[in-house]
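Asker: here you go, sequence then predicted model.
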Amino acid sequence: MPVRLSQWIDAVYTSFWFVPGIMLLGSMGAAWATLTMDRSFGEAAAESVPILFTGSPAGARLILSTIAGSMITVAGVVFSITIVALALASSQYGPRLLRGYMQDRANHYVLGTFVSAFLYSLLVLRSIRSVEDANFVPHISTTTAVGFAFAGISVLIFFIHHTALSIQANEVITRVWRRIESRLPKAFPQDLPDDAYRMDGFEVSHGTQKEMRAVPAPRDGYLQAVDVDDLAELARRKNALVQLEYKPGEFVTKELPLAMVYPASVLDDEDVLNDILEEFAIGINRTDVQDAEFLINQLVEVALRALSSGINDPFTATTCIDYLGSAMCRLCGMRLPGPFRTDEKGRLLLVLRYHTFAGLMNGAFDQVRQAALGKPDILIRLLEVLERIAKCARNSQCETVLHHAEIVMETARRTVGIESDLAEIETRFEAVVEALKGGNIGNA
C-alpha cells in the first residue's frame, strides 16, 4: 500500500468525523426512503399496521421536534463526556494513549447514532404539511424516528458503561496490548525473501559512501512509514543504491539527509528525487503504521507514570511489565527483517535502518528499570518476566535477556537495602540464568 494512502487511512481511522459522517449520509438516505414509502402507501400502511404512527400533522411535528431536540442535546453530553475521558486518560496514562481512545469505534458509533437521529428527524419534519385538503403525515417516517429514539436510549446506556470501563487501567493496558498483537506481524512480516532477513553479508564500501548524494528531508516531523517495495523497485529501475538514514518512528529535520543515493547522477533528474520523496510519509506524530516501538513505548509510558511519586501505583506498573514480556515473547518467535533488500540477481538495492531484538528489549525495559530504583517488587517482577522471555529466547537473543537480568540484579544490589528482599531478587535472577541454560548463549 502506498505510504501516503496508509498515512491518510491512519488519519481517518483516528478521526471522530469519519464514522459519524457516514452515518449522517445513511440517515439522509433513510429519510428519503421512508418518505418515498409514505408518499406511495403511507396512509394504507397506517390503517393496516397497528404499530405505525396514526396521529395528526401537529402530533407528528411534536414527536419529531422532541426527538430532534433531545438527540442533539444528548450528542452534546456524549461529546462532553468523551472530552473528559480524553483529559483523564492524558493526565493519568499519558498523551500518547489518546490515539487509542480516538480509534475506539464504539465512541464513533455512539456519536453517529445521536447526530444521525437528529438529522433524520429534521429531514422528516420539514416534509409535514398541514393545509386544508392537502395534509401529509409521514406515518412510516415518524415511526422510524421513534425507533431512532429507542436506539439512542440503548446506545446512551451502553456508552455510560463503556466509558466507565474504558478508563480503568487494565482496560487501557489491554487495549494497547491488542494493538501490539495485531501490529507485530505487519511490522515484521515473515514472508519476505530470505535475503531480507540477513544481518550481514553485504557491505557498502567507503568509496561508494563518499560518492553518495543526499536526499534532503522536505519537512520536520516524524517518519511514519516508508514504502520499501516501491523504493526498491525504483532503485532497481535506476540501477541505484539507496541508503536510508532513519527508520519509522525517528524524528527527521528539514534539509538534513533523509536518504543517500548512489550514484549521485541519479538525482540530477528532479522527477526521480520527487519519486523518492513520495515513498516517505512524514507527519507531526508517531504512528503505529510501521513503528512497532511506538506501541511498546505506550505501555512503558503507563508504567513510568504508575511508578512516579505522584501516582505510586505498582500494580498498574506490574501489569504493564507483564504485557511487555508477552510482546517480547512474541518477538522471540519471529524473524526480524534485516537492513538489506536485493533484486533477483542478488544486487544490493536498499540499506535500511532496522529494529533489532536488543533494541526493542532496551525500549521495553530500560526506563522501567531506571524508574524502579529501590522498588524490590518491581525488580522482582522484571526478573520474573525476563525468566518467561528466557524460555522463548533463541540463540543471540539469550545474551540480550541475560544482559537485562544482570543489570536488574546490579540495580538491586545498589538500591535495595533489606537483605531478605535482596535474597528474593537473587533467587529470581538465578531462575533466569537457569532458564537460559536451555538456550544457546554465545551462539549467533
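Answerer: Done, it's in.

Asker: OK, contacts around Val261?
Answerer: Taking C-beta atoms under 8 Å, 6 or more residues apart in numbering as the criterion, Val261 is in contact with 212-215, 240-243, 267, 276. Heads up, the C-betas are built off the backbone N, CA and C, glycines and all.

Asker: how about CSV for these, with neighbour count and pLDDT added?
Answerer: Putting the contacts of Val261 into CSV (neighbours: other C-beta atoms under 10 Å; pLDDT from 0 to 100) gives the following:
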residue, neighbour count, pLDDT
Met212, 20, 90
Arg213, 16, 91
Ala214, 15, 92
Val215, 21, 92
Ala240, 20, 90
Leu241, 20, 91
Val242, 24, 92
Gln243, 20, 92
Leu267, 17, 88
Ile276, 22, 91
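
Asker: in strands, which of those residues appear?
Answerer: Residues of the contacts of Val261 located in strands (DSSP state E): 213-215, 241-243.

Asker: may I ask which two of the residues you listed are separated the most?
Answerer: Farthest pair in the ones in strands among the contacts of Val261 (C-beta to C-beta) is Ala214 and Leu241. Separation: 13.5 Å.

Asker: quick one: least confident helix or strand in the chain?
Answerer: helix 3-13 (a mean of 72; mean pLDDT, DSSP states H and E).

Asker: next SSE downstream of it?
Answerer: Next in sequence after helix 3-13, counting helices and strands by DSSP states H and E, comes helix 18-48.

Asker: okay, buried residues for that next one please.
Answerer: 19-20, 23-24, 27, 30-31, 34-35, 37-38, 42, 46 (16 or more other C-beta atoms under 10 Å).

Asker: now that helix: mean pLDDT?
Answerer: Helix 18-48 carries an average pLDDT of 90.

Asker: downstream neighbour of that helix in the secondary structure list?
Answerer: helix 57-92.

Asker: measure the residue nearest to the spatial centre of the chain to Met23 for me?
Answerer: Closest residue to the average C-alpha location of the chain: Asp288 at 5.0 Å, with C-alpha atoms, centre = their mean. Using C-beta to C-beta, to the nearest Å, Asp288 is found at 26 Å from Met23.

Asker: same check on Asn170?
Answerer: 30 Å.

Asker: show me what contacts Val368?
Answerer: 300, 303-304, 307, 317, 320-321, 324, 378, 382.

Asker: swap the cut-off to 10 Å and go again
Answerer: Neighbour list for Val368: 299-300, 303-304, 306-307, 317, 320-321, 324, 378-379, 381-382, 385, 408 [criterion: C-beta atoms under 10 Å, 6 or more residues apart in numbering].

Asker: same question for Leu156.
Answerer: Contacts of Leu156 (C-beta under 10 Å, 6+ apart): 74, 77-78, 110, 113-114.

Asker: want to throw these into TSV with pLDDT?
Answerer: Shown next, in TSV, are those (pLDDT from 0 to 100):
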residue	pLDDT
Val74	93
Val77	90
Val78	88
Val110	92
Thr113	94
Phe114	94
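
Asker: quick one: buried ones out of those?
Answerer: 74, 78, 110, 113-114.

Asker: from the contacts of Val368, pick the one nearest Tyr197.
Answerer: For the contacts of Val368, the nearest to Tyr197 is Leu324 (24.2 Å; C-beta to C-beta).

Asker: which residues of the stretch 201-350 of the chain score low on pLDDT?
Answerer: Along the stretch 201-350 of the chain, the model assigns pLDDT under 70 to residues 201, 206.

Asker: tell me how far the ends of stretch 276-287 are from each other?
Answerer: Taking C-alpha to C-alpha, to the nearest Å, stretch 276-287 runs 21 Å from one end to the other.

Asker: buried residues, that stretch. List them.
Answerer: In stretch 276-287, counting by 16+ other C-beta under 10 Å, buried: 276, 279-283, 286-287.

Asker: ok, now stretch 328-342?
Answerer: 328-329, 331-332, 336-342.

Asker: farthest pair in those?
Answerer: Across the buried residues of stretch 328-342 (C-beta to C-beta), the longest gap, 30.9 Å, separates Cys329 and Thr342.

Asker: hang on, the earlier thing: check the contacts of Leu156 and tell me the two furthest apart.
Answerer: Val77 and Thr113 (13.1 Å).

Asker: who touches both of these two?
Answerer: 156, 159.

Asker: what helix or strand does Gly100 sit in?
Answerer: Counting by DSSP H and E, Gly100 is found in helix 98-102.

Asker: which strands and helices sit next to the helix or strand that that helix is followed by?
Answerer: Downstream of helix 98-102, the first helix or strand assigned by DSSP H and E is helix 105-125. For helix 105-125, the packing partners by 3 or more C-beta pairs under 10 Å, 6 or more residues apart in numbering; DSSP states H and E come out as helix 18-48, helix 57-92, helix 139-166.

Asker: adding distance to Val351, write the ones you listed out as CSV.
Answerer: Listed next are the helices and strands packed on helix 105-125 as CSV, based on distance: least, C-beta to C-beta, whole Å:
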stretch, distance to Val351
helix 18-48, 38
helix 57-92, 39
helix 139-166, 43
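
Asker: out of those helices, which is closest to Gly359?
Answerer: Using C-beta to C-beta, the nearest of those to Gly359 is helix 57-92, at 27.7 Å.
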